[in-house]
Every structure is written in C-alpha cells, then in structure tokens.
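In: Fold the following.
(one chain, ligands or ions: 1)
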Amino acid sequence: MKHYTKEELELYRHGQMSVLGRINCATHLEACEECRNLLEELKSDDDFMKELRSSLMLYESVAKESERHPQKLPNHHTTVR
Ligand SMILES: [Zn+2]
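Out: Have a look, this model is predicted:
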C-alpha cells in the first residue's frame, strides 16, 4: 500500500487536492491508521500554532493599548466616596 506523505496530507487537509485525489486520500485514511495519525499530527501542529499566534496577538494588543493610554488605569473608584 502506498502511504501519503506529510506534504500530500497538507494538500488534502487544505482542500488543495483534485477531487479524485481527495477521494483516494479519504479512502486510504479510512483504511490506514498510520496516515490518520500523521494527519492528526498535522492538525495538532496547527492548533498549537493557532494558539501561539492568538496569544501573541493578545499580548501585542494589550501592549499597544497600554502604550497608547499609559495612565488610563481605572482609578475612579478610589475617588468615589
Ligand atoms: Zn497510509
């Protein structure tokens, strides 16, 4: 049985394969645990990257925000009596 490479599975998962190629790949994945595991691995890499990127973006937006309003800290409730 011919196995799929990471590169091929990348194409598959991003829908960049021909229809026939996708059908063949899906059929193979049904039968082949090895390739399924590889596909899962690619997906978890993705999730990791997404998480990393979103936490980086959050960090950047917080950093930008505090740069723009350096003394806009909520201190109003200390003056309310
Ligand atoms: Zn396989």
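In: in the longest helix seen in the chain, what's buried?
Out: Ranked by residue count under DSSP state H, the longest helix found in the chain is helix 33-68. Buried residues in helix 33-68, counted by 16 or more other CB atoms under 10 Å: 35, 38-39. Every residue, glycine included, has its C-beta placed from N, CA and C.
In: near the ion, which residues of the chain?
Out: Residues of the chain lying close to the ion (CB under 5 Å from the ion) are 3, 32, 34-35.
In: Quick check, residue 21 in contact with residue 4.
Out: No - proximity of residue 21 to residue 4 does not meet the contact threshold set by CB atoms under 8 Å, at 10.0 Å.
In: tell me, what's touching these two both at once?
Out: Common neighbours of residue 21 and residue 4, counting by CB atoms under 8 Å, 6 or more residues apart in numbering, are residue 12.
In: out of these two, which sits in the more crowded spot?
Out: residue 4 (21 against 14; other CB atoms under 10 Å).
In: how about that one, secondary structure?
Out: coil (DSSP: H, G, I helix; E, B strand; the rest coil).
In: Tell me who's in contact with the closest residue to it other than its chain neighbours.
Out: In space, and not counting its chain neighbours, residue 4 is closest to residue 35: 5.0 Å by CB to CB, 6 or more residues apart in numbering. Applying CB under 8 Å, 6+ apart to residue 35 gives the contacts 3-4, 9, 28-29.
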